[in-house]
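S.K.: give me a 3D structure for the following:
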Amino acid sequence: MSVIDLTGKVAVVTGGGSGIGRSICQLFATLGASVVVSDIAATADETVATVAGDGGTASAMVGDIGDPAVADAVVAAAVERYGRLDALVNNAGIMDHFAGAAGVDDALWERVMRVNLSAPFYLTRAALRVMLPQSSGSIVNIASEAGIRGAAAGAAYTASKHGLIGLTRNTAYVYAKQGIRANAICPGGVETNVMTPDIQQHIDQEGLAALTPVHQSAMRVAQPIEQANLAAFLVSDAASNVSGAIIPNDGGWSAG
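M.R.: Model (predicted):
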């Protein structure tokens with residue numbers, strides 16, 4: 001048997017309708033977990049169908065987790081449907097336009113912060129209300145290379161991911177004695193659809209050029225499953241002593 005065994009665990013995965021989130025949902029279900037697939041789009045239902053086709057257990061929650069009431073409802077759904085909550089993966093996120101602070105308007109700043117930082121906070125708060133009475137629970141935040149350096153994205157995205165790492169560390173430290181673990185994964189380039197047509201249309205080309213060091217172009221683009229494998233380890237009992245870790249999963253980019 002693999003040391004990565006999620007049998008009997010219940011997980012909420014945000015942004016589960018595509019990309020890294022879908023891969024996490026599929027892998028968790030394959031390893032025995034029941035998964036609530038949270039997404040703002042109906043693609044959550046597609047992930048559920050894929051999981052069911054593979055013999056796994058999953059259900060969808062479609063809504064905007066930047067709304068605290070929706071975040072609360074997502075966690076409540078996990079408990080209502082499966083009886084508990086063992087893992088929360090805050091994966092949902094959006095890119096900015098690769099602009100520095102001078103090129104970021106209020107609307108973009110607020111949108112990126114709402115999705116990338118406020119939503120994980122709302123979900124973490126809701127999850128802790130369930131996990132603390134259990135004296136157990138694992139929270140995995142999908143941060144970014146931009147969470148550990150200033151040269152991977154624009155001002156809004158970079159600030160949001162640095163904030164997510166701060167939330168991770170604080171959660172890990174404050175609740176360590178109460179059985180809660182919190183860790184962050186920092187992907188580099190991953191083959192996903194995060195670069196939406198809207199983002200591509202509004203990219204600040206000068207900012208992007210300034211943020212593209214020579215060594216970055218040599219880094220391999222990862223597959224979503226490579227992030228999912230690390231997330232599965234972190235929520236499993238095999239990682240029982242791992243908390244507060246900020247783990248680059250970037251093919252060596254952060255080593256340069």
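S.K.: buried set for stretch 113-126?
M.R.: Applying a neighbour-count criterion of 16 or more other CB atoms under 10 Å, one finds 113-124, 126 buried in stretch 113-126. (Each C-beta comes from the backbone N, C-alpha and C, glycine too.)
S.K.: neighbours around residue 256, how many?
M.R.: 11 (other CB atoms under 10 Å).
S.K.: tell me the pLDDT of it.
M.R.: We have a pLDDT of 73 for residue 256.
S.K.: in a strand, residue 61, correct?
M.R.: Yes. Applying DSSP: H, G, I helix; E, B strand; the rest coil, one finds residue 61 inside a strand.
S.K.: tell me the contacts of it?
M.R.: Under the criterion of CB atoms under 8 Å, 6 or more residues apart in numbering, the neighbours of residue 61 are 36-39, 44, 73-74, 77.
S.K.: looking at the residues you listed, which are in strands?
M.R.: Counting by DSSP state E, the contacts of residue 61 place 36-39 in strands.
S.K.: this structure: helices as residue ranges?
M.R.: In the chain, the segments counted as helices under DSSP state H are 19-30, 43-53, 68-82, 106-113, 119-134, 155-174, 197-202, 205-210, 224-235.
S.K.: tell me what angle the fourth one forms with helix 155-174.
M.R.: Relative orientation of helix 106-113 and helix 155-174, computed by axes from the mean of the first three to the mean of the last three CA atoms, to 10 degrees: 30 degrees.
S.K.: just the last one next, same as before
M.R.: Angle of helix 224-235 versus helix 155-174, following the same axes, to 10 degrees, is 20 degrees.
S.K.: quick one: least confident helix or strand in the protein?
M.R.: For the chain, counting by mean pLDDT, DSSP states H and E, helix 205-210 ranks last in confidence among helices and strands (a mean of 56).
S.K.: confidence score at residue 251?
M.R.: pLDDT, residue 251: 88.
S.K.: so how far is residue 91 from the closest residue to residue 189 other than its chain neighbours?
M.R.: Leaving aside its sequence neighbours, residue 189 sits nearest to residue 221 (CB to CB, 6 or more residues apart in numbering; 4.4 Å). Here the distance between residue 221 and residue 91 works out to 18 Å (CB to CB, to the nearest Å).
S.K.: those two: which has the busier surroundings?
M.R.: Set side by side, residue 221 and residue 91 show more neighbours around residue 91, with 27 against 10, by other CB under 10 Å.
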